[in-house]
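Trainee: Curious how this folds, go ahead:
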Amino acid sequence: MKPLEEHSGKVYLVGAGPGDPKLLTLRGHEVLRSADIVVYDYLADASLLAFARDGAELIDVGKRPNRPMAQEEINAILIDAARRFDKVVRLKGGDPMLFGRGAEELEALRAAGISFEVVPGVPSAIAVPTYGGIPLTHRGLSTSLTVITGHRQGDAADDTDYDALARLGGTIVVLMGVGHRAQIAAKLIASGMSPTTPVAAVRWGTRPEQQSYRGELGNLGEMPVRSPATIVIGQVARFDFDFFESRPLFGKRIIVTRALSQAGGLSDKLSELGARVVSAPAISIVPPSDGYGALDRAIANISEFAYLVFTSPNGVEVFLDRCRDFRVLGGLKIAAVGSATADAIRARHLGVDLIGERFVAEGLLAAFPAGSGAVLIPQAKIARDVLAEGLAQKGYSPQVVEAYQTVPFAPSSSEIGDIDSANAICFTSSSTVRNFVEIYGRDRVPSNVVSIGPITTATANEMGISVTATAQVHDIDGLIAALVGVFGERAISRSALE
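Mentor: Numbers count the residues shown, from 1 in each chain. Sure thing, here's the model as predicted:
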């Protein structure tokens, strides 16, 4: 942090895009993850704040009907931030220079002698119609695009030339015009535009909450659309090249209970299928109770073992992070319970010698040949004994070491509230079932429950939870396929999930 008299901070005006966090540019992501402070609008998707580094200060300056904030106040916040910090990000929805008051903020920064950079964003005027299946231009129908704001409709300063707009034709995109859509339509019709001109409105465009409406200019004022929405007027609005709202899980709110360190892959795949992911981790991964003592000793004596067996991706990551030299594993055979665990091993550039057809401990046991020798099993403190017991029956000498612990996650009040409107929940292990009930309560479990496998399902049933569907293939892709089946949408192949 810099002393107040030093004006060495730099402000980055970053366009957050229209809503989908994946539409943030690479440059925007780069400056956001290294910022000391982030000053953000409410139209910038809240999940973007996860890109900010730990410890970064976050300031919400979003203008809302019940909480107006003068532009001068926002300017003062930016100037103060630049005097206190080296790197300030001003995160704005859409593009900061398109009806985003970016120029006003730059004028204030320049007057204060503060350096700045503008990082363009994907404009909502372009992206939202596209996500609504509407091409903004089309040969023979529309060769021009006009973007206007409806925010100042009825204001004495409104200088929109509706006669010129009507004569020009082409495509008209209206931003911030929902509240004045009837007046806009009336003025265009009065200027000569046909009341049967196609119109479309897309609310919360590019997000899982997106809603599209179609109609004609003459009934635009009666369309049941609410802010924030982008309005498209013109012949192109009759098209509906839907690729977004037709996805199999579109609009569904799905609770993901995996530990934060593991949730990324599952959450990303659910998002790709259109779901709004509600993060409600039931467990956190913490170091073992002995501070890695037993695990480190086993690694030091790794040459004594014939097999190394991993039961989860967590065990893979912890073990290999503690193993300083992978060359000591050269004489071992490596086995994995489940494809996700095998993938985690391969991601660390190691091979997998044995994996069961069924992705549970019993499946790996069935694949294990009878034999002898010591087997090292690094796993969670609380885990089933079936693998060690089964290997002992086959002639091996299993040694189970505690690699990590799973403990209940401690949520905030807002995180607890987010799960109430969910459509379904995914349980990925017995511990997530137990811990979810302990943390959030059984009454918060949605009516649709999807389990990764029979062991997890049995645990849920024991706790009085009815499971809607159990994955036939006991991995993340199988879990997602079962989830899609619950909602009765089109079938998707496993290859589509990879």
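
Trainee: residues near residue 454, how many?
Mentor: A count of nearby residues for residue 454, using other CB atoms under 10 Å, gives 15. C-beta: built from backbone N, CA, C; applies to glycine.

Trainee: tell me which element the closest residue to residue 9 other than its chain neighbours falls in.
Mentor: Of all residues not flanking residue 9 in the chain, residue 82 sits nearest, at 3.6 Å (CB to CB, 6 or more residues apart in numbering). Following DSSP states H and E, the helix or strand that holds residue 82 is helix 71-84.

Trainee: Confirm that residue 341 sits in a helix.
Mentor: Yes - under DSSP: H, G, I helix; E, B strand; the rest coil, residue 341 sits within a helix.

Trainee: how about it, what does it touch?
Mentor: Contact analysis of residue 341 by CB atoms under 8 Å, 6 or more residues apart in numbering lists 310, 311, 312, 313, 315, 316.

Trainee: looking at those residues, which has the most residues close by?
Mentor: Result: residue 310 is most packed of those (other CB under 10 Å), 29 neighbours.

Trainee: can you list the domains in the chain?
Mentor: Per automatic domain parsing, the structural domains of the chain span 10-122, 126-238, 253-282+409-497, 286-408.

Trainee: in the stretch 351-498 of the chain, which spans are strands?
Mentor: In the stretch 351-498 of the chain, the strands defined using DSSP state E, counting those that start in this stretch lie at 354-355, 374-380, 397-408, 424-427, 448-451, 469-470.

Trainee: Packing partners of the first one?
Mentor: In other words, strand 354-355. On a contact count with 3 or more CB pairs under 8 Å, 6 or more residues apart in numbering; DSSP states H and E, strand 354-355 meets strand 333-336, helix 361-367.

Trainee: Beta-bridge partners for the closest residue to residue 454 other than its chain neighbours, please?
Mentor: Spatial nearest neighbour of residue 454, excluding adjacent residues (CB to CB, 6+ apart): residue 470 at 6.2 Å. Note on residue 470: beta-bridge partners by DSSP bridges are residue 451.

Trainee: unless I'm mixing things up, residue 470 is touching residue 458, no?
Mentor: No - in this structure, residue 470 is not within contact of residue 458 by CB atoms under 8 Å, at 9.6 Å.

Trainee: The contacts of residue 341 in strands, which ones?
Mentor: Those of those mapping onto strands are residue 310, per DSSP state E.

Trainee: between the contacts of residue 341, which is nearest residue 25?
Mentor: residue 313 (30.6 Å; CB to CB).

Trainee: show me what contacts the closest one?
Mentor: 262, 340, 341, 343, 344 are the contacts of residue 313 under CB under 8 Å, 6+ apart.

Trainee: Excluding chain neighbours, what is closest to it?
Mentor: The nearest residue in space to residue 313 (CB to CB, 6+ apart) is residue 344, at 3.9 Å.

Trainee: buried ones in the helix or strand that neighbour falls within?
Mentor: Assessed by DSSP H and E, residue 344 sits inside helix 339-347. Using 16 or more other CB atoms under 10 Å as the test for burial, helix 339-347 gives 339, 340, 341, 342, 343, 344, 345.

Trainee: doesn't residue 340 make contact with residue 352?
Mentor: No - using CB under 8 Å, residue 352 makes no contact with residue 340, being 11.8 Å away.

Trainee: which stretches of the protein have low pLDDT?
Mentor: Within the chain, the segments meeting pLDDT under 70 span 1-8, 43-45, 63-68, 152-158, 258-264, 282, 358-359, 383-384, 412-415, 489-498.

Trainee: Hmm, residue 378 and residue 318 touching each other?
Mentor: Yes - look at residue 318 against residue 378 with CB under 8 Å: they come within range, at 6.9 Å.

Trainee: Of those two, give the one with the bigger neighbour count.
Mentor: The residue with more neighbours, out of residue 318 and residue 378, is residue 378; 27 against 23, by other CB under 10 Å.

Trainee: got the end-to-end distance for stretch 270-278?
Mentor: Length of stretch 270-278, first residue to last, CA to CA, to the nearest Å: 10 Å.

Trainee: buried set for it?
Mentor: Buried residues in stretch 270-278, counted by 16+ other CB under 10 Å: 270, 271, 273, 274, 275, 276, 277, 278.

Trainee: Am I right that the fifth one is in contact with residue 253?
Mentor: This means residue 275. Yes - between residue 275 and residue 253 there is a contact under CB under 8 Å: 7.2 Å.

Trainee: which residues do the two both contact?
Mentor: residue 208.

Trainee: Run through the helices of the stretch 1-150 of the chain in chain order.
Mentor: Remark: helices assigned in the stretch 1-150 of the chain by DSSP state H, counting those that start in this stretch are 26-32, 71-84, 102-111, 124-131.

Trainee: Please identify the most buried of those helices.
Mentor: For those, ranked by mean neighbour count under the definition mean count of other CB atoms under 10 Å, the leader is helix 124-131 at a mean of 24.

Trainee: Would you pull up how far that one lies from the middle of the chain?
Mentor: Centroid separation for helix 124-131 versus its chain: 20 Å, with CA atoms, centre = their mean, to the nearest Å.

Trainee: ditto for stretch 431-446
Mentor: The chain centre lies 22 Å from the centre of stretch 431-446; the measure is CA atoms, centre = their mean.

Trainee: Pipe the helices of the stretch 1-150 of the chain into TSV and attach distance to residue 438 per row.
Mentor: Listed next are these as TSV, based on distance: least, CB to CB, whole Å:
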stretch	distance to residue 438
helix 26-32	35
helix 71-84	41
helix 102-111	47
helix 124-131	39
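
Trainee: Residue 417 is nearest to which of those?
Mentor: Of all those, helix 26-32 comes closest under CB to CB, at 25.9 Å.

Trainee: which helices and strands does the closest one pack with?
Mentor: Applying 3+ CB pairs under 8 Å, 6+ apart, we find helix 26-32 packed against strand 10-15, strand 87-92, strand 115-119.

Trainee: hmm, back to that, show me the contacts for the residue nearest to residue 313.
Mentor: By CB under 8 Å, 6+ apart, the contact list for residue 344 reads 310, 313, 316, 317.

Trainee: from the residues you listed, which single one is nearest residue 204?
Mentor: Checking the contacts of residue 344 against residue 204 by CB to CB gives residue 313 as the nearest, at 34.0 Å.

Trainee: Show me where the stretch 201-350 of the chain has its strands.
Mentor: For the stretch 201-350 of the chain, the strands defined by DSSP E, counting those that start in this stretch occupy 211-216, 229-233, 253-256, 276-279, 283-286, 305-310, 333-336.
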